[in-house]
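J.: Could you look at this predicted model? Sequence included:
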Amino acid sequence: MEESKRNKIVVFLMFLIGLLLLVPSTFFLEKIREYRDFFSGIDPGVLKQTGDNMIPEDLHKNVSFKPRLSFVEFKIRAPEAKEVYLIGNFNHWASKTIKMMKKESGEWSVFLPLPKGRCQYLFVVDGKKMTDPKNPHLASSNGENVSVRQIQ
């Protein structure tokens with residue numbers, strides 16, 4: 001009987017140790033998933049420069065040439081939204097390639113490296129396209145209004 005009690009205590013202690021190891025690792029794995037989701041929200045393959053000032057095709061020959069990119073923040077306040085994406089002429093209007101991240105304040109944002117020039121964009125809030133409510137500069141693209149931003 002003494003051996004049976006000891007085995008039960010050992011099993012119980014192993015269960016507690018396993019539980020103590022499992023909880024932090026589950027938290028750690030969740031943070032890794034968030035980190036991965038943040039970086040997988042942008043598909044660099046579709047971030048292509050468009051417009052008049054294209055990067056020269058013989059870039060590899062001209063070693064001193066460095067394309068000048070600016071990191072630009074796009075943001076929209078949509079506290080009730082489940083998901084928000086950014087589309088524009090910089091990714092050929094491809095949906096669900098640039099996922100925006102939600103802050104606790106209800107604001108969604110994303111930083112993109114973009115070349116100098118004019119960029120056109122829209123937010124896709126829960127599947128509905130919207131212009132930037134804080135940007136009064138609009139243009140028409142394929143029959144719909146889009147927001148316009150000059151990248152310096």
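T.: Great, that's in hand. Numbering: from 1, shown residues only.
J.: any idea which helix or strand carries residue 14?
T.: Using DSSP states H and E, residue 14 maps to helix 2-40.
J.: Adjacent strands (with direction) for the very next helix or strand once past that helix?
T.: Sequence-wise, the next helix or strand downstream of helix 2-40 (DSSP H and E) is strand 69-77. With DSSP bridges as the test, strand 69-77 is paired with strand 107-115 (antiparallel).
J.: List the buried residues in the partner strand.
T.: If you call a residue buried by 16 or more other C-beta atoms under 10 Å, then strand 107-115 has these buried ones: 108-110, 112, 114-115. (Glycine included, C-beta is placed from N, CA and C.)
J.: got those residues as JSON lines, with pLDDT and distance to residue 74 columns?
T.: Converted to JSON lines, the buried residues of strand 107-115 look like this (pLDDT from 0 to 100; distance: C-beta to C-beta, whole Å):
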{"residue": "108", "pLDDT": "94", "distance to residue 74": "9"}
{"residue": "109", "pLDDT": "92", "distance to residue 74": "7"}
{"residue": "110", "pLDDT": "92", "distance to residue 74": "6"}
{"residue": "112", "pLDDT": "89", "distance to residue 74": "7"}
{"residue": "114", "pLDDT": "88", "distance to residue 74": "10"}
{"residue": "115", "pLDDT": "86", "distance to residue 74": "15"}
